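Peer 1: Kindly generate the corresponding structure for this input.
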Amino acid sequence: LRPRRSVRVVLWVNEENGLRGARAYRTNHLAELPRHVLAMESDSGVFNPEGFSFNATGPVRRAAEAALELLQPLGPLALRPGGGGADTSPLIADGVPTMELLVAQEKYFWYHHTAADTVDKLDRNEFNRCVAAMAVMAYVVADWPESLTR
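Peer 2: Below is the predicted model of the structure:
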């Protein structure tokens, strides 16, 4: 499948130390930001997905709502007020709509930032559900037939 718009997957580090990765991305891509239609992040672990926090209206919101309909097999997912988290926050001032995957938080601090925070602790089903939620949301927004100008 090839959506109408590009999907850029960005992985960066150094969020915990002054958002340096996010700030560097903004600086290095400043001229492109007017064409960014959504910045989405997942920074709360890969537990049972509950929905997305989101700060957009108009066509971008309609696209996200359509994606939620496709994601109903994962359970009830909601669009909640808010936006992205720390990793997308530098883009908000430039008008880029932001979104963050919301997940169940009960187990988040069991291992977070400890030496025990390793991949063997992941629940494969929860992990796959998070990946599906992010992938479907990204694809639907990128393939939305309406103009997604802000």
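Peer 1: Going by C-alpha atoms from here, please, whenever you check contacts or count neighbours.
Peer 2: Will do.
Peer 1: buried ones in the lowest-mean-pLDDT helix or strand in the chain?
Peer 2: For the chain, the helix or strand with the lowest mean confidence is helix 108-111, at a mean of 85 (criterion: mean pLDDT, DSSP states H and E). Within helix 108-111, no residue is scored as buried using 16 or more other CA atoms under 10 Å.
Peer 1: List the buried residues in whichever helix or strand comes after it.
Peer 2: Once the chain leaves helix 108-111, the next helix or strand it forms, by DSSP states H and E, is helix 124-143. Using 16+ other CA under 10 Å as the test for burial, helix 124-143 gives 126, 129-131, 133-134, 136-143.
Peer 1: ok, and what's touching helix 124-143?
Peer 2: Residues outside helix 124-143 that contact it (CA atoms under 8 Å, 6 or more residues apart in numbering): 3-7, 38, 46-49, 60, 63-64, 66-68, 70-71, 74, 101.
Peer 1: follow-up on the earlier one: I'd like the buried residues of helix 124-143 laid out as TSV, including distance to residue 20.
Peer 2: Listed next are the buried residues of helix 124-143 as TSV, based on distance: CA to CA, whole Å:
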residue	distance to residue 20
126	29
129	29
130	25
131	25
133	27
134	24
136	28
137	26
138	24
139	27
140	29
141	27
142	27
143	31
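Peer 1: from these, which two are the most distant?
Peer 2: Maximum pairwise distance in the buried residues of helix 124-143, criterion CA to CA, is 25.7 Å, between 126 and 143.
Peer 1: Now tell me what touches stretch 90-104 from outside.
Peer 2: 22-23, 26, 33-34, 36-56, 82-85, 88-89, 130, 134, 150.
Peer 1: Give me the buried entries from those.
Peer 2: For the contacts of stretch 90-104, buried by 16+ other CA under 10 Å: 22-23, 26, 33, 36-42, 44-56, 83-85, 88-89, 130, 134, 150.
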